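# mind folding the following:
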Amino acid sequence: MCGIVGIFDLQGQRDIDALQLLRMNHSLRHRGPDEDGLHCEPGLGLGHRRLSVIDLASGQQPLFNADRSVAIVFNGEIYNYRLLMAELRQFGHVFRTNSDTEVIVHAWEQWGEQCVQRLRGMFAFALWDRRRHLLFLARDRLGVKPLYYGQASDGTLLFGSELKALLAHPAMPRTLDPLAVEDYFAYGYVPEPRSIFQHALKLPPGHTLSIRAGQPLPAPRQYWDVPFTPHAHASFAQAGDELLARLREAVRIRMVAEVPLGAFLSGGVDSSAVVAMMAGASASPVNTCSIAFGDPAFDETRHAELVARRYGTRHHTLQAGQDDFQLIDLLATLYDEPFADSSAMPTYRVCQLARQRVTVALSGDGGDESLAGYRRYRLHAREEKVRSMLPSSLRQSLFGTLGRLYPKADWAPRFLRAKTTFEGLARDTTDAYFHSVSILGDAMRARLFSPALRHQLQGYRAVEVLRRHAAASPAPDALSQVQYLDLKTYLPGDILTKVDRASMAHALEVRSPLLDHELVAWMSGLPAHFKLHRGEGKYLFKKALRPLLPDSLLYRQKMGFSVPLASWLRGPLRQRLQDRLLGPALAQCGLFEMDYVRQLIEQHGSGRRDYSAPLWSLLMFEAFLRQVLPVAATPTIVIAPAMALD
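Residues are numbered from 1 along each chain as shown. Got it, this is the predicted structure:
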């Protein structure tokens, strides 16, 4: 696990400023504290920070082929590298190291751009082929590893594992993208391929980018997508057995490391399943880590401890509290963009705890998206049944009116909170799902944004992100459709971004067996009723796990990995909330209607509404303005005209 950076002259073969390349590389030192390496030649500079996990003695980068015509910097792990090494040797390739990095170089020589199809793992890499005058960027299929790129004002292309690497170069513009601001306040993150800056992009998961000097920068090319191809008929029991067998293999190949290894154990189904598989494959006790909360409504530690005792793990727990509010500024610098998932705080802490004992940790990320674990899937499926029975004109008239008239009752029991349901039923499928996942709905964003920002948006709405993916979706049914949308947006944009930055801040490598692309592809083809059955998510998975985990864990109400944010912001953190949101950063940037910000603070503090998620989004945006775009240096934020994506 590492960090990569690079500078490529889009206009020719000018000398690369080695000092600027060094600064970019130094900005990622947290990702790779063990070693660093630089390479410069006319028109190209490559940099690498290394966290040593495999082939500790000889895996240094940049790494070259035998005649030094091909060079690579690589972040990630290729789990099938030994099989590929054996296959490539049959073609006559000779290896100088035992590293997965060198396997990619030889795979490039053998298969060219199609080499990515052979790689099983998590990766982001930049490969330079001097003979073809080609720079090749690639990102893994699910987006576990990040890769940013952007055009600098001096005619060079900059790229790196994190946005901060690009921002370390003085020629990188820092112009905010108004469409990204709209996206952020809808989703709580900036979905691929945008970044918060107009001149920087994320390479989307499952895409490559081939670049030649003197030619226009092309659009990324997709090499993989979640197939959602239905399986040949198999019984429920057979499917359950195969699911566990595939997960067991995905866990096994991720346990290869030359450094201490452990796992996150939240007490949920997915992480518990991974720990159970690890225990079965390990001759020694597994190291496990959990985060505890003082509020029992958010604390899962007793369930985690139950699994830890059952499998005899070396278990460690860390208490998280309201004092972690102090992490906001640190998180802003880690994520480089506004990032509103408050579980980034406990994720940061559990990575910190894990790194005290291990260098590699396995996680349960990805199970909810592939196996329909989120509550919103159940609600969406119910709404879809109603939508399918009524024509859209009747739904819009009937439920649209009910949605406008019904009061919003955050304080009431869930069965009385019908306003959101009515509003969703009045919409089409994609718009309804967008409405259910939005942190701030359309009406709230319209009230929050200043006239200047609304003008710059030119009518753009963040729902277009989902519409673009829905138009390309191979999903055969309503449940699979929203799973596909989450796999393309929420998973890489929120979940994987959160874990990557939090883990890399502590030089910890995190591996996610449930995101093995072969396993994800297989799970996507399961019938919808195997995943969601009579309101029970992960139906097949839970049934298959019953011999391994207790029913009290499998069938308890899903809690999620979250913090008691609403009560914190009404109580001990209320004054700090007001100081931040009513301070100069938001007031001077020109993006927001400050009277509405005050209204949100007041209504949340009084208990009349739960505005914790919108307020946290504003807090993280305020921290971004101060930490990444200091207000003192930029009293008025420059917003570029809206630019649509291809």
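# in the stretch 201-350 of the chain, which spans are strands?
Listed in chain order, the strands of the stretch 201-350 of the chain (DSSP state E, counting those that start in this stretch) span 207-211, 221-222, 261-264, 287-293, 314-320.
# what residues does the second one touch?
It refers to strand 221-222. Applying CB atoms under 8 Å, 6 or more residues apart in numbering, the contact partners of strand 221-222 are Pro204, Gly206, His207, Thr208, Leu209, Ser210. From N, CA and C alone the C-beta is placed, and that goes for glycine too.
# hang on, the fifth one packs against Phe136?
Yes. Using CB atoms under 8 Å, Leu209 is in contact with Phe136, at 7.4 Å.
# how far away is Gln627 from Leu167?
From Gln627 across to Leu167, the span is 11 Å (CB to CB, to the nearest Å).
# swap in Ala528?
43 Å.
# what sits against Tyr374?
Asp368, Asp486, Gly537, Lys558.
# top of those residues by neighbour count?
Asp368 (26 neighbours; other CB atoms under 10 Å).
# got the phi and psi for that residue?
Dihedral angles of Asp368 (phi, psi; degrees, to the nearest 10) stand at phi -60, psi -40.
# you'd agree it is up against Ser271?
No. Between Asp368 and Ser271 no contact is recorded; they are 11.3 Å apart, counting by CB under 8 Å.
# and the strands in the stretch 451-600 of the chain?
509-511, 532-533, 536-537.
# so which of those strands gets nearest Gly607?
strand 536-537 (31.0 Å; CB to CB).
# in the sheet, which strands lie alongside that closest one, parallel or antiparallel?
Strand pairing for strand 536-537, using DSSP bridges, gives strand 532-533 (antiparallel).
# from the chain's centroid, how far away is the partner strand?
A distance of 26 Å separates the centroid of the chain from that of strand 532-533, by CA atoms, centre = their mean, to the nearest Å.
# can you name the residues in contact with that strand?
For strand 532-533, contacts defined as CB under 8 Å, 6+ apart pick out Ala372, Tyr377, Arg378, Ala381, Leu479, Tyr539.
# same question for stretch 617-628.
If you take CB under 8 Å, 6+ apart as the criterion, stretch 617-628 is touched by 167, 184-185, 188, 196, 328-329, 331-333, 336-340, 439-440, 577, 580-581, 583, 585-586, 589, 592, 597, 600, 631, 637.
# pLDDT weak spots in this structure?
For the chain, applying pLDDT under 70 flags the ranges 1, 52-59, 294-299, 320-324, 388-427, 559-562, 630-646.
# for it, what's the longest helix?
With residue count as the measure and DSSP state H as the assignment, the chain has helix 236-253 as its longest helix.
# in this structure Val520 contacts Gly367, no?
No. In this structure, Val520 is not within contact of Gly367 by CB under 8 Å, at 10.2 Å.
# overlap of the contact sets of those two?
With contacts taken as CB under 8 Å, 6+ apart, the residues that reach both Val520 and Gly367 are Leu514.
# pick out whichever of the two has more residues nearby.
Gly367 (25 against 21).
# separation between the more buried one and Lys543?
From Gly367 to Lys543 the distance is 14 Å (CB to CB).
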